[in-house]
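Participant: I would like the atomic coordinates for the input below:
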Amino acid sequence: MDEKKLYLIDCSAPFFSRLPEGETVNWSKAPLSGLEEGGRIRGSTFKNVRREMELYVSRVSGMGYNGLTLDDLAHLALLRGYPDKTADKIVRYRRHYEDILSIARSFGMSVFVNTDICFTNQTILGRLTDGEPVESVMEEAVLSLFTRFPEVSGVVFRAGESDGVDTKSEFRSRILLETPVQANRFLRKLLPLFERLGKTLIFRTWTVGAYPLGDLIWNPSTWKKVFRNISSTALVISMKPGEGDFFRYLELNPIFFLPGPARILEIQARREYEGFGEFPSYIGKEIQAWSNELSGLTYFRGVSVWCQTGGWSRFRNLTFLRDSSFWNELNAAVAVAVFRYGRSHSKAACHYWGGSGKKDFLEFLRLSGEVVEKYLYVPAFAKKRWYFRSVRVPPLLDVLWDRVTITDGIARVYRALSGKHGGKEYNTGGMKKRLARMELLADRLRLPYRGEFHRDTLRVLTLARKLVFRKGDIADANKLARIAAAYRRKHPDGFRFRVNLTVGMAHGAAETAIRLAVRKKPEYRLLDRLIFHPWLLFFWRVLARLLKRQLPPAADRVAMPLEKLLR
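Facilitator: A predicted model of the protein is given here:
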């Protein structure tokens, strides 16, 4: 790998451009199976993808990105033992992807192919069952990719999460690296191949808490075991900013400052927990702070921006295409301007916008960030640092993609961990004033802002939160039900609210149990080792099944099953 820095951006948006409206979509990976008919992708369908891809690449390359992350290895690697039907499908995909790689080359963009460890089908599962190591299968897949497409610059590996339950593709990924030792062995097996071919292996530390490898994202001990005695110019480690998913209120991950291999920062421009770009969620201030903190690290090598990838929702804003999302694109433009060209986030934002009235525009962006921080999150809860087993507790519990779920269980967690004055600190005073000011500025500047939708969404959410913290009575609950029903009629394409609270629910033993189960510091306690002992995991899995009713309905139907996170 050469020494230039990486400014990568995902290019999945063109693949989504022909999907039907109104359906919940898994945005975590290009929907290749959704583009197929009878098990194969039609040439006319891919012709549309190519046309959208050319527009997409021209725009992102023009703002300074020098590389694309492309889905996915499973559809480009031809492995031994595949039946004729599967082999024929792979050959067809390869022909179509020739055009995508040609487009990337014409704009001077490198291409990195994404994959989970490990994608599987019946053939691969048979090989693994017969005892073949996962690293051997992946080595064969990588070699097949580079042999057919020598222009590909590298592969991005995700080890800590698998496909969602809703995945309908012939290829379904599984978490097959369960321990730090297995991850270390995997890297040692594949890195010599990447070094020999002059390619880059990007290894993501994102994990969702499953298995002993599940705390890789935040645990220095696990991190050191995974990368122990590995020194390779072919290796780049890709990390999310905080110790969890793409949330606010998470300080920059201390692991960035551990010595070792080269690192890049992942940035999510299309904020999957903050509206998906349906309303502004500007992160320029955060981008600037990350840049300042990382600028002095000699092993820091750039950024990987997600402008389309991540989460499940019905929202359809496709970045950098026709009728696309200005707010997602703004975050993506600011990210590359700050990290590559050293501009301030405010100058970068104004430059991308290009209109007059910069002072008003920056005020609008500031207000948009304040609205997200103060009202979408619960500050008294989000500011605190809590760990449960192998994960850092997310600073946002009730907003999951395009769904808001507030049940007794979620309410008890908020109450137990927000502190003595948590309810008082969740003060929605000033919300109406801020939103009204944003609408006035948006009208003045002619910004693509759905102010009424933004205001109505937050009204339902904050009313529900008041029931969580201030108990309320049946009249308050009935008022919330009426307002939520009116919201659904008015915004049928908006958020889905599920509020199921026991009116006047008192504090009790559940809150005490919650406070015992979590810890304030990342280091494991003796109590954690006792209550999460392997002998007791069966109990936790049974409890997880019972708690499903307290969680968003979509979480266990489309994402990874809750029980898997307790393994």
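Participant: only C-alpha atoms for contact and neighbour calcs from this point on.
Facilitator: Will do.
Participant: Residue 519 reaches residue 384, doesn't it?
Facilitator: No: using CA atoms under 8 Å, residue 519 makes no contact with residue 384, being 10.8 Å away.
Participant: So these two - more neighbours on which side?
Facilitator: residue 519 (20 against 15; other CA atoms under 10 Å).
Participant: Next one, pLDDT for the more buried one please.
Facilitator: pLDDT recorded at residue 519 is 94.
Participant: For beta bridges, what are the partners of it?
Facilitator: residue 387 (DSSP bridges).
Participant: Mind listing what's buried along stretch 162-177?
Facilitator: 162, 163, 164, 167, 171, 172, 173, 174, 175, 176, 177 (16 or more other CA atoms under 10 Å).
Participant: Where does pLDDT dip in the stretch 351-500 of the chain?
Facilitator: 425, 471-472 (pLDDT under 70).
Participant: residue ranges of the strands in it, please?
Facilitator: Secondary structure of the stretch 351-500 of the chain (DSSP state E, counting those that start in this stretch): strands at 387-388, 391-392, 399-400, 403-407, 496-500.
Participant: helices or strands next to the fourth one in the packing?
Facilitator: Using 3 or more CA pairs under 8 Å, 6 or more residues apart in numbering; DSSP states H and E, the elements in contact with strand 403-407 are strand 496-500.
Participant: Can you name the secondary structure element that comes next after the strand it packs on?
Facilitator: Using DSSP states H and E, the helix or strand that directly follows strand 496-500 along the chain is helix 509-517.
Participant: now the next helix or strand after that next one: mean pLDDT?
Facilitator: The C-terminal neighbour of helix 509-517 among helices and strands, as given by DSSP H and E, is helix 526-531. Per-residue pLDDT values over helix 526-531 give a mean of 82.
Participant: Now do the helices in the stretch 151-300 of the chain.
Facilitator: 180-197, 220-226, 284-294 (DSSP state H, counting those that start in this stretch).
Participant: would you turn the ones you listed into a markdown table with distance to residue 515, mean pLDDT and mean neighbour count?
Facilitator: Output for the helices of the stretch 151-300 of the chain, formatted as a markdown table (distance: least, CA to CA, whole Å; pLDDT from 0 to 100; neighbours: other CA atoms under 10 Å):
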| stretch | distance to residue 515 | mean pLDDT | mean neighbour count |
| --- | --- | --- | --- |
| helix 180-197 | 29 | 98 | 18 |
| helix 220-226 | 24 | 97 | 18 |
| helix 284-294 | 30 | 97 | 17 |
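Participant: got those as JSON lines, with distance to residue 481 columns?
Facilitator: Shown next, in JSON lines, are these (distance: least, CA to CA, whole Å):
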{"stretch": "helix 180-197", "distance to residue 481": "48"}
{"stretch": "helix 220-226", "distance to residue 481": "46"}
{"stretch": "helix 284-294", "distance to residue 481": "36"}
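Participant: among those, which is nearest residue 83?
Facilitator: helix 180-197 (25.9 Å; CA to CA).
Participant: ok, residue 370 to residue 206 distance?
Facilitator: Residue 370 is 27 Å from residue 206, where distance means CA to CA, to the nearest Å.
Participant: the more surrounded of these two?
Facilitator: residue 206 (22 against 16).
Participant: And the pLDDT at the more buried one?
Facilitator: The model's pLDDT for residue 206 equals 94.
Participant: quick one, what contacts the nearest residue in space to it that is not next to it in sequence?
Facilitator: Excluding the flanking residues, the one nearest residue 206 by CA to CA, 6 or more residues apart in numbering is residue 217, at 5.5 Å. By CA atoms under 8 Å, 6 or more residues apart in numbering, residue 217 lies in contact with 205, 206, 207, 223, 239, 243, 244.
Participant: Run through the bridge partners of the fifth one.
Facilitator: It refers to residue 239. Under the criterion used (DSSP bridges), residue 239 bridges to residue 265.
Participant: What about it, how many residues nearby?
Facilitator: 22.
Participant: That one and residue 267 touch, don't they?
Facilitator: No: between residue 239 and residue 267 there is no contact under CA under 8 Å: 9.1 Å.
Participant: which helices and strands sit right next to the helix or strand hosting residue 337?
Facilitator: Residue 337 is part of helix 326-341 when elements are defined by DSSP H and E. If you count contacts as 3+ CA pairs under 8 Å, 6+ apart, helix 326-341 packs onto helix 284-294, strand 300-306, helix 345-353.
Participant: which residue of this protein sits farthest from its center?
Facilitator: Farthest-out residue of the chain from its mean C-alpha position, per CA atoms, centre = their mean: residue 475, at 38.2 Å.
Participant: circling back: just put the contacts of residue 217 in a markdown table and tack on distance to residue 529.
Facilitator: Listed next are the contacts of residue 217 as a markdown table, based on distance: CA to CA, whole Å:
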| residue | distance to residue 529 |
| --- | --- |
| 205 | 23 |
| 206 | 23 |
| 207 | 20 |
| 223 | 20 |
| 239 | 27 |
| 243 | 21 |
| 244 | 21 |
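Participant: what stretches of the stretch 151-300 of the chain score poorly on pLDDT?
Facilitator: 164-167.
Participant: can you do 80?
Facilitator: Where the stretch 151-300 of the chain drops to pLDDT under 80, the residues are 164-169.
Participant: So which of the strands of the stretch 351-500 of the chain has the densest surroundings on average?
Facilitator: Stretch with highest mean neighbour count among those: strand 391-392 (a mean of 24; mean count of other CA atoms under 10 Å).
Participant: quick one: contacts of that one?
Facilitator: For strand 391-392, the surrounding residues in contact (CA under 8 Å, 6+ apart) are 208, 209, 214, 215, 243, 244, 385, 386, 522.
Participant: Stretch 358-373 now?
Facilitator: Here stretch 358-373 has contacts from 248, 274, 280-283, 346, 350, 379, 431, 434-435, 437-438, 441-442, 445, using CA under 8 Å, 6+ apart.
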